[in-house]
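Participant: take this sequence and fold it.
(chains A and B)
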Amino acid sequence: MLDIRLIREHTDQVIARLASRGGEAHLRIHDILECDKERRSAETRLQHLQSDRKRMSKEIGMRKAKGEDTSAVEAEVRALGDEVSHLNEASAKLEERQRDLLLHLPNLPHEGCPIGADAEANPELRTWGERPAFGFTPKSHVDLGESLGLFDFERAAKISGSAFVCFTGAGARLERALLNFLLDLHTRENGYTEMGVPFVVRPEALVGTSQLPKFEEQLYRCDRDELYLAPTAEVPVTNLHREEIIALEQLPIRYAAYTPCFRREAGSAGLGTRGLIRMHQFDKIELVKITTPEESARELEALTADAERVLQILGLHYRTIELCTGDIGFGATRTYDIEVWAPGQNGYLEVSSCSSFGDFQARRMNLRYKDGEGKNRFCHTINGSGTALPRLMVALLETFQQADGSVLLPAALQPYFGSDRIG
RNA sequence: GGUGAGGUGGCUGAGUGGUCGAAAGCAGCGCUUUGCUAAAGCGCCGUACUCCAAAAGGGUACCGGGGGUUCGAAUCCCCCCCUCACCGCCA
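Facilitator: Modelled structure (predicted):
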């Protein structure tokens, strides 16, 4: 959520930066300012009336204590009370409208965020490793999975519908090995605290991290209980500290958490295709940081490096790109995507999206810290996948497949999997 | 799911329908005293919004959340949420 004062005082810059996203968000600024103006004027009038009422009521109290008759004043205040409640209602409505407008407004892209219309304009920042060469035509993970018995899409569809998977035998073990490997890496070597969080969350939490109110159709909802299935661990983990004021010494907070992620993927391209690349449910390790404005840029770089390290240790070729203003997510102010090479797809797959949100989420969830001068300020929040599991598995299987159809696992994974190869 | 107890400022903890944004203590900040430490004394010490060009300074709201009664609610009434305890059910 953007600060209404920022919008009020730097209107032109806000409009310009929102416009750089494309879309129509910047066109709503005018309405928001109008609403703000109306709201403040209503509030001021209301406060004057309340002040009068308060003063007169006190007077009634004092005069009653002296045994004087107060019926005339009481009638006067009663009339005032009606006016107060009307104005109060009007002012509350305006405030709600303003909040709703602000909640639908995306974050401002960071000054350093490259300007561009769409994904085509995302600059590549760096690559690591090289595309593996094969003496044969590399297979897709779908074919490898079939011949090695790693997963079963048909039976998953039988129980849950399309775009779900059932990991079987060695596939299930590989999934579990990856989870443990990733959590151990981030907690033992990269300095994150492991968290095990609920997978089902209240709407407020989703408003906090900005999946709601705008992206409701992407979420699985449990109507009876007003709960949603978490689309990413970002939601439960970042919201752990909502409504809190954190002591400066406790920052930065760094969490790593495993959760399954549930996404309806309404309208997504590629949902119908077979394979592990886009599913309604998938496992992910998420890295979340809560920090100060001063440290947030550095912490984003460090978090991105922590995610990249996963691919380096596994020996997987990848590239890191930065999302341009036209492609960056709703709440993000700056985003790096890490894309791993998948030979069977002959293309890169996004396995991690590392973003800084500035104080955008913190404002929504009222997450603050006490600075050196004892002032309460909004925190900055950062998160990124470290990493998504199915696509990592795709890259592993496709990269390390052998001519005989088996898959040789990287050394770091072998103790977790309990063997050096599949098949 | 049932019953009971409770939710007050950073913490502990008072609070009569009226002058309560809220006693007191602790913690924190500043000053004084002291050779230093300790101690004592005095003062300051919530958040959000809003008015004023800004500062200074006003104002309003907030005692878990939302409604209601009243001229006036932390205090009375209703609904909800949360915490704790016990019971039931259950992995």
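Participant: nearest residue to residue A:205 other than its sequence neighbours?
Facilitator: Nearest residue to residue A:205, sequence neighbours excluded (C-beta to C-beta, 6 or more residues apart in numbering): residue A:239, at 4.2 Å. For every residue, glycine as well, the C-beta is placed using N, CA and C.
Participant: ok, the nearest residue to residue A:116 once chain neighbours are set aside to RNA strand B distance?
Facilitator: Spatially, and ignoring its direct neighbours in sequence, residue A:116 is nearest to residue A:324 (3.1 Å; C-beta to C-beta, 6+ apart). Separation of residue A:324 from RNA strand B (C-beta to the nearest atom of the strand, to the nearest Å) stands at 32 Å.
Participant: give me the three-state assignment for residue A:324.
Facilitator: Of the three states, residue A:324 takes coil under DSSP: H, G, I helix; E, B strand; the rest coil.
Participant: below-threshold pLDDT in chain A: ranges please.
Facilitator: A:270-272 (pLDDT under 70).
Participant: outline the domain layout of it.
Facilitator: Domain assignment for chain A by automatic domain parsing gives A:4-103, A:119-422.
Participant: the longest one: end-to-end distance?
Facilitator: The stretch domain A:119-422 measures 36 Å between its terminal residues, going by C-alpha to C-alpha, to the nearest Å.
Participant: just to revisit the earlier point, what sits against the residue nearest to residue A:205?
Facilitator: Counting by C-beta atoms under 8 Å, 6 or more residues apart in numbering, residue A:239 touches A:201, A:204, A:205, A:208, A:209, A:365.
Participant: what's the most buried one of the domains of chain A?
Facilitator: Compared across the domains of chain A, domain A:119-422 shows the largest average neighbour count, a mean of 19 (mean count of other C-beta atoms under 10 Å).
Participant: spell out which residues of the stretch 51-200 of chain A are next to RNA strand B.
Facilitator: For the stretch 51-200 of chain A, the residues in contact with RNA strand B (C-beta under 7 Å from any atom of the strand) are A:51, A:53-58, A:60-62, A:64-65, A:74, A:77-78, A:81, A:85, A:92.
Participant: if you set the cut-off to 10 Å instead, what comes out?
Facilitator: A:51-66, A:70-71, A:73-82, A:84-85, A:88-89, A:91-92, A:95, A:98 (C-beta under 10 Å from any atom of the strand).
Participant: helix, strand or coil for the residue nearest to residue A:205?
Facilitator: Taking three-state DSSP, the label given to residue A:239 is helix.
Participant: picking that back up, could the domains of chain A go into TSV alongside distance to residue A:109?
Facilitator: TSV is the format used below for the domains of chain A (distance: least, C-beta to C-beta, whole Å):
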stretch	distance to residue A:109
domain A:4-103	6
domain A:119-422	4
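Participant: tell me the contacts of residue A:108?
Facilitator: A:2, A:14, A:17, A:18, A:333, A:358.
Participant: closest one of those to residue A:125?
Facilitator: residue A:333 (16.9 Å; C-beta to C-beta).
Participant: the spatially closest residue to residue A:319 that is not a sequence neighbour: what secondary structure?
Facilitator: Nearest non-adjacent residue to residue A:319, counting by C-beta to C-beta, 6+ apart: residue A:127, 4.3 Å away. Put simply, residue A:127 is strand when judged by three-state DSSP.
Participant: isn't residue A:127 right up against residue A:317?
Facilitator: Yes: here residue A:127 reaches residue A:317: they are 7.4 Å apart, a contact under C-beta atoms under 8 Å.
Participant: separation between the residue nearest to residue A:205 and residue A:257?
Facilitator: Per C-beta to C-beta, to the nearest Å, residue A:239 is found 12 Å from residue A:257.
Participant: anything in contact with each of those two?
Facilitator: By C-beta under 8 Å, 6+ apart, no residue touches both residue A:239 and residue A:257.
Participant: surely residue A:246 is within a strand?
Facilitator: Yes: when three-state DSSP is applied, residue A:246 is found to be in a strand.
Participant: list the contacts for it?
Facilitator: Counted by C-beta under 8 Å, 6+ apart, residue A:246 has contacts A:253, A:290, A:367, A:368, A:369, A:370, A:379.
Participant: try it again at 7 Å.
Facilitator: With contact taken as C-beta atoms under 7 Å, 6 or more residues apart in numbering, residue A:246 is in contact with A:369, A:379.
Participant: in the stretch 1-150 of chain A, which spans are helices?
Facilitator: Ranges of helices within the stretch 1-150 of chain A are A:4-9, A:11-19, A:29-65, A:71-103, A:141-148, based on DSSP state H, counting those that start in this stretch.
Participant: chain center to the first one: distance?
Facilitator: Going back to what we said before, that points to helix A:4-9. Put simply, helix A:4-9 sits 24 Å off its chain's centre (C-alpha atoms, centre = their mean, to the nearest Å).
Participant: and if you look at the longest one?
Facilitator: In this view, helix A:29-65 has its centroid 38 Å away from the chain centroid, taken as C-alpha atoms, centre = their mean.
Participant: what does the second one give?
Facilitator: If you compare the mean C-alpha spot of helix A:11-19 with that of the full chain, they lie 23 Å apart, counting by C-alpha atoms, centre = their mean.
Participant: thinking again about what came up before, can you tell me which of the contacts of residue A:239 are in helices?
Facilitator: Within the contacts of residue A:239, residues falling in helices by DSSP state H are A:204, A:205, A:208, A:365.
Participant: contact residues of the stretch 301-423 of chain A facing RNA strand B?
Facilitator: For the stretch 301-423 of chain A, the residues in contact with RNA strand B (C-beta under 10 Å from any atom of the strand) are A:363, A:366, A:368, A:370, A:374, A:375, A:376, A:377, A:378.
Participant: repeat the analysis, applying 6 Å as the threshold.
Facilitator: residue A:376 (C-beta under 6 Å from any atom of the strand).
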